[in-house]
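Novice: The sequence and its predicted three-dimensional model are supplied below.
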Amino acid sequence: MFSFNEELEDEIYDKVVDLTEYAKRQRWWNRLFGKNSGPIAEKYSVATQIAIGGASGWCAGYLFQKVGKVAATAVGGGLLLLQIANNSGYIQVDWKRVEKDVNKAKKQLKKETDRAAPELNTIFEKSTEFVKKNIVVTSGFVGGFLLGLAS
C-alpha cells in the first residue's frame, strides 16, 4: 500500500512537470509571458509555489489593510481636530499661505518626478521580468493579497 502511494505521487508529479514543460513550449505561453518565463525555483512543485505565493500575499494584504486603516484614521482625525480647533477660535489658519506652500510643493514634486522617471522605468522593467519568470508564485501572491485585503 505504501509503495502504491509513492508510485501514484511520482506519477502525478511527473504529469505536473510534463504539463508545465508542455505549456512553456506553446506559442501562446511564449507570446504572453516571454521565452524565459517560468519559475526560477523550478525545484519546487507548482502547488508549493502557489502556496508560498498565496501565504505571503495574504500576509501582505492583511498588513496593508490594517496599516491603511490606521493611517486613514490618523490623517482624517488630525484634519477633523484641526478644523474643530479652527472653528472654535483656538487656532487661526492662514489659508493663502497654505495655498502658496501647496503650490510650491506641487512644483517641487513635479521636478523630482521628472528627474526620477528613468529610475522608475528600470524598476518597472525589473519587476516585469521578475513577474514573467515567477508567474506561478506571482499569481498565488496576487490571489493571497486580495484575500488578505478582504479578511
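Specialist: Looks like it arrived, so ask away.
Novice: what distance separates the longest helix belonging to the chain from the centre of its chain?
Specialist: For the chain, the helix reaching the highest residue count under DSSP state H is reported as helix 46-88. Helix 46-88 sits 14 Å away from the centroid of its parent chain (C-alpha atoms, centre = their mean, to the nearest Å).
Novice: Give me the helices and strands touching it, please.
Specialist: On a contact count with 3 or more C-beta pairs under 8 Å, 6 or more residues apart in numbering; DSSP states H and E, helix 46-88 meets helix 2-25, helix 135-150. The way it works is simple: take the backbone N, C-alpha and C, and place the C-beta from them, glycine included.
Novice: List the buried residues in the shortest one.
Specialist: By neighbour count, with 16 or more other C-beta atoms under 10 Å as the criterion, the buried positions of helix 135-150 are 135-141, 143-145, 148.
Novice: Helix or strand with the lowest mean pLDDT in this structure?
Specialist: Among the helical and strand segments of the chain, the one scoring lowest on mean pLDDT, DSSP states H and E is helix 27-33, with a mean of 56.
Novice: how far is the helix or strand containing residue 118 from where the chain is centred?
Specialist: Residue 118 belongs to helix 95-133 when assigned by DSSP states H and E. Here the centre of helix 95-133 is set off from its chain's centre by 18 Å, with C-alpha atoms, centre = their mean.
Novice: I'd say residue 148 and residue 58 touch.
Specialist: Yes. Between residue 148 and residue 58 a contact is recorded at 4.1 Å, counting by C-beta atoms under 8 Å.
Novice: residue contacts, the closest residue to residue 130 other than its chain neighbours?
Specialist: Here the nearest residue to residue 130 in space, its sequence neighbours aside, is residue 138; by C-beta to C-beta, 6 or more residues apart in numbering that works out to 7.8 Å. When contacts are counted by C-beta atoms under 8 Å, 6 or more residues apart in numbering, residue 138 touches 53, 130-131.
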